[in-house]
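Novice: What follows is a predicted structure for the sequence shown.
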Amino acid sequence: RRGLSLSLYGRLVKEGLEPYFLDTQFRSHPKLMEWVAGSIYEGRLQSGILEDARPSVGGFEWPKKKVPVAFVEMGRWAGESV
């Protein structure tokens with residue numbers, strides 16, 4: 001009895017449903033997907049879109065033009081403790 005701690009998919013697999021890996025994604029920029037594929041999916045995930053379909057956001061100076069991923073310091077929220 002696990003309540004909501006086990007997903008519906010997890011319950012179905014537990015009951016005998018054979019898992020199926022969806023190996024192609026269509027949402028993220030291919031460069032972001034490349035990192036996810038190598039870090040989480042052991043290289044099994046692939047992109048179903050071209051880089052041209054996900055242009056970089058304008059008005060932002062990207063640190064690396066060929067890699068449209070950046071971590072940006074946004075400062076502190078009002079009232080946030082140090």
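Specialist: Arrived safely, thanks for sending.

Novice: So for the longest helix anywhere in the chain, what gets flagged as buried?
Specialist: Taking DSSP state H as the criterion, the chain has its longest helix at helix 30-39. In terms of neighbour count (16 or more other C-beta atoms under 10 Å), helix 30-39 has its buried residues at Pro30, Leu32, Met33, Glu34, Ala37. Bear in mind the C-beta positions are built from the backbone N, C-alpha and C, glycine included.

Novice: other SSEs contacting the helix or strand that it is followed by?
Specialist: For helix 30-39, the following helix or strand on the C-terminal side (DSSP states H and E) is strand 46-47. With contacts defined as 3 or more C-beta pairs under 8 Å, 6 or more residues apart in numbering; DSSP states H and E, strand 46-47 has these neighbours: strand 24-25, helix 30-39.

Novice: the helices in this structure, which residues?
Specialist: Going by DSSP H, the chain shows helices at 8-14, 30-39.

Novice: okay, the ones you listed in JSON lines with distance to Val67 next?
Specialist: Formatted as JSON lines, the helices of the chain follow (distance: least, C-beta to C-beta, whole Å):
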{"stretch": "helix 8-14", "distance to Val67": "33"}
{"stretch": "helix 30-39", "distance to Val67": "6"}
